[in-house]
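I would like to see how this sequence folds:
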Amino acid sequence: MMMMITPGLTRVCAVVALVMCACGVCEAGCADRPAPRCCPGRNNECVERSARRTVCYCDTYCRRSGDCCDDYQTACHISAAIDCEVRQWGPWSPCSSVCGVGTTERSRQVATPPRNGGTPCPDLKQRRGCLAHTETCSAAKEVAKILPDSFKRNFKDPWRRPHMLMKEEKKSYCVQMRVKQASAACKVKPWSAGLVRERSVCVECQSDAMTNDNRCRGDGLQNIRTFWSAASAPGCSGSWVRESLSEDCRCPSYSMIFV
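Sure, this is the predicted structure:
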């Protein structure tokens with residue numbers, strides 16, 4: 001038996017529906033949307049009215065903007081949000097500089113990554129300044145005194161008596177330096193004129209110039225800028241970086257020696 005719906009009955013049903021919505025009873029939200037009910041990413045067209053008749057959304061972005069419909073999680077089968085959790089900070093790293101101002105940093109690991117729109121992870125690295133002062137720092141402050149290799153003392157003293165004790169001769173070593181800076185005064189002397197920026201020079205540490213620890217003062221540090229001064233060229237000075245050190249070695253002719 002078919003039931004006839006008259007215009008009057010339709011109007012009554014509409015009034016009842018409005019009264020129910022006004023009382024907050026009517027169904028609304030993502031479940032009432034036509035397919036697709038839920039939208040990936042950010043989609044401003046994926047919109048619906050809440051039970052309070054306010055605008056709400058059913059896209060993934062609503063979890064970040066906080067304007068999801070009340071039934072979003074259930075209608076879109078979304079699990080509860082999981083916030084990021086991190087572990088404790090690790091120790092600070094050694095100072096990046098062996099002498100003077102540098103930086104140090106520390107890091108931490110992610111224990112639980114964020115899911116389902118949870119709070120993102122905070123910073124995982126921290127960096128701060130540091131001031132290094134080590135034994136190497138003292139060596140970096142030494143200023144090398146240099147001369148041309150024509151000052152080498154490779155001759156026998158004709159006045160030495162046979163019974164006179166000779167100073168123990170220690171083996172020389174060579175240091176390969178790359179010049180980083182040289183003053184204008186270095187151009188005056190022919191031998192120091194070769195000390196120009198980015199030129200690699202060999203400097204020999206001979207026995208007479210060695211200190212008690214069998215090294216020459218100012219023989220530099222690997223990949224760290226140190227300073228030098230030409231002993232026979234007033235005002236000639238600059239900086240260089242040690243590239244290599246060779247034991248039991250002699251520099252070629254027209255090189256330099258430590259004083």
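
rest of the way, CA atoms for contacts and neighbours
Fine.

pLDDT weak spots in this structure?
1-28, 79, 134-136, 152-168 (pLDDT under 70).

At which residues are the helices of it located?
Under the criterion DSSP state H, the chain contains helices at 7-22, 62-65, 72-75, 135-140.

The second one: which residues count as buried?
Read it as helix 62-65. Cys62, Arg63 (16 or more other C-alpha atoms under 10 Å).

neighbouring contacts of that helix?
With C-alpha atoms under 8 Å, 6 or more residues apart in numbering as the contact definition, helix 62-65 has outside contacts at Arg42, Cys68, Gly117.

And the second one, how far from Gln181?
In this case it means Cys68. 65 Å (C-alpha to C-alpha, to the nearest Å).

Please identify which of the two sits among more neighbours.
Cys68 (23 against 19; other C-alpha atoms under 10 Å).

ok, now which ones touch that one?
Cys56, Tyr57, Cys58, Asp59, Cys62.

likewise Cys58?
Cys30, Arg37, Cys38, Cys39, Cys46, Val47, Glu48, Cys68, Cys69, Tyr72, Cys76.

Do a quick rundown of the strands in the protein.
Here the chain has its strands, by DSSP state E, at 47-49, 55-57, 85-86, 99-107, 110-112, 125-133, 143-148, 173-182, 200-205, 225-230, 237-246, 256-258.

Pick the most buried one from the ones you listed.
Stretch with highest mean neighbour count among the strands of the chain: strand 256-258 (a mean of 25; mean count of other C-alpha atoms under 10 Å).

same for it, what does it pack against?
If you count contacts as 3 or more C-alpha pairs under 8 Å, 6 or more residues apart in numbering; DSSP states H and E, strand 256-258 packs onto strand 143-148, strand 200-205.
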